[in-house]
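Undergrad: Turn this into a structure:
(one chain, ligands or ions: 1)
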Amino acid sequence: MTGTRVLVLNSGSSSVKYQLLDMRDGSRPAVGLVERIGESGSRLQHSPAHGESRERNGSVPDHDAALKAMAAELDRDGLGLDSPELAAIGHRVVHGGLRFTEPTVVDDAVLAEIERLIPVAPLHNPANLTGIRTARALRPDLPQVAVFDTAFHTTMPESAARYAIDVETADAHRIRRYGFHGTSHAYVSRETARLLGRAPEDVNVIVLHLGNGASASAVRGGRCVDTSMGLTPLEGLVMGTRSGDTDPAVIFHLMRVGGMSADEIDTLLNKRSGLIGLCGDNDMREIRRRVDAGDERAALAFDIYIHRLKKYIGAYYAVLGRVDAVAFTAGVGENSAPVREAALAGLEGLGLAVDGGLNAVRGDGARLISPADARVAVAVVPTDEEMEIATQTYALVKDSGNLT
Ligand code: AMP
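TA: Now for the predicted structure:
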């Protein structure tokens, strides 16, 4: 008997998100979240497909306790980790460097390599590693697969991936553009081709992943040729709390003239910049409400956000030469009609236009929002990183005979 279920784990520093997916029919028997791990007021939320959602409050001191609490809840629904239905556990790992271009079955050597990448992903890889190690201890016999946020971008040519800094220095410190949100860009570019009724190999897409973190990518025939995040997720678009692109000299200036330390500037640019730094809010709903009420700071923040987005759309149009579709995804991209409208306003000369009526309609699935006769399709494509991780994980364990 072979299992068809995949448990997807996304382990952050103080949270674990989990989804159990059944690859037979794409259903989700259970989803949940453990938050505030190692802090006061830890909380577990668990939602089985058949049954009431449950919430537990109480101490969850570490990831081991978090995964055991998750396992106990799954057990109560008859979906426990020892179920023969479970084929593998798929882990989101943020940084795979240049070494991991594909999803990879975890062994000791893979764990060591993910650990070696901690200097380029100090915030994410340690938590991802802890999640994998803990899950492995709970089910040592089950294949554990690492799916990397950077993998989809490893097809970028050197011209896009290299910074124009001294080559020896860059290489010594593994400094280059890696890109992130790769599972989302992979999923959304493929789903966009499907929406157009064409093969991914035949379609060029600009994917705009606009969530609290935000990134754009240029995808030619299913392969990423450029993306806006770089060595870290700080580069590129204006985000909820990150600045995106700045002159690197801003950092020296803040050190020399502002008297700030590297850590303080790191916090400033990652946590106190972007929309929240510009207007005090990082939720696009609230920003739009303020703009509509005549708030000038919110209006300026919105304009800066849109200006940057437009620059990337133009840049990736030029990188691709021919664009078949622009796809909006993630929290802002899927839900904010004003952002989609403003980002493409005035780009009719490039064949880009949004139909006001279609753009205003809310919907759950992938849909076109461009006029019927538009040269370039504009789409809203809900992202599904868990499904992508589960699909990649299942394909790997099935093909490699790793299935239990
Ligand atoms: P994500 O990181 O993909 O979960 O996106 C989170 C962000 O999406 C939030 O910070 C909001 O700015 C934005 N968002 C969520 N729902 C809406 C909505 N209905 N309208 C506009 N923005 C939204």
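Undergrad: and the closest residue to V361 other than its chain neighbours, what is it in contact with?
TA: Nearest residue to V361, sequence neighbours excluded (Cβ to Cβ, 6 or more residues apart in numbering): R367, at 7.8 Å. To be clear about C-beta, it is placed using only N, CA and C from the backbone, and glycine gets the same treatment. Counting by Cβ atoms under 8 Å, 6 or more residues apart in numbering, R367 touches 195, 358, 361, 379-380.
Undergrad: Of these, grab the buried ones for ChimeraX.
TA: The buried residues among these can be selected in ChimeraX (16 or more other Cβ atoms under 10 Å) with this line:
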select :195,358,379,380
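Undergrad: tell me the two of the contacts of R367 that are most distant?
TA: L195 and V361 (15.3 Å; Cβ to Cβ).
Undergrad: sorry, back to before: may I have the beta-bridge partners of the residue nearest to V361?
TA: For R367, the beta-bridge partners are V380 (DSSP bridges).
Undergrad: Also R56?
TA: Beta-bridge partners, per DSSP bridges, of R56: L44.
Undergrad: which residues of this protein fall in strands?
TA: Counting by DSSP state E, the chain has these strands, from start to end: 5-11, 16-22, 27-35, 43-48, 54-57, 86-93, 104-105, 144-148, 204-210, 214-220, 223-227, 325-329, 367-368, 377-380.
Undergrad: How far away from the center of its chain is the third one?
TA: If you compare the mean C-alpha spot of strand 27-35 with that of the full chain, they lie 18 Å apart, counting by Cα atoms, centre = their mean, to the nearest Å.
Undergrad: which secondary structure elements does it contact?
TA: Applying 3 or more Cβ pairs under 8 Å, 6 or more residues apart in numbering; DSSP states H and E, one finds that strand 27-35 makes contact with strand 16-22, strand 43-48, helix 63-76.
Undergrad: Adding mean pLDDT, write these out as a markdown table.
TA: Shown next, in a markdown table, are the helices and strands packed on strand 27-35 (pLDDT from 0 to 100):
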| stretch | mean pLDDT |
| --- | --- |
| strand 16-22 | 97 |
| strand 43-48 | 96 |
| helix 63-76 | 93 |
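Undergrad: closest to the ligand out of the ones you listed?
TA: Across the helices and strands packed on strand 27-35, the ligand has its closest neighbour in strand 16-22 (11.1 Å, Cβ to the nearest ligand atom).
Undergrad: Next, the contact list for D64, please.
TA: By Cβ under 8 Å, 6+ apart, the neighbours of D64 are 134, 137.
Undergrad: now the one 10 residues further on
TA: For L74, the contacting residues are 20, 30, 46, 80-81, by Cβ under 8 Å, 6+ apart.
Undergrad: Might you list the low-confidence residue ranges for the chain?
TA: 1, 399-404 (pLDDT under 70).
Undergrad: give me that answer again for 80
TA: Within the chain, the segments meeting pLDDT under 80 span 1-2, 123, 399-404.
Undergrad: neighbours around the closest residue to the ligand within it, how many?
TA: Residue of the chain nearest the ligand, by Cβ to the nearest ligand atom: G331 (2.1 Å). Residues lying near G331 (other Cβ atoms under 10 Å) number 18.
Undergrad: start at 656 instead
TA: Yep, numbering from 656; the last one is G986 now.
Undergrad: That one contacts L865, correct?
TA: Yes: if you go by Cβ atoms under 8 Å, G986 and L865 touch, sitting 7.2 Å apart.
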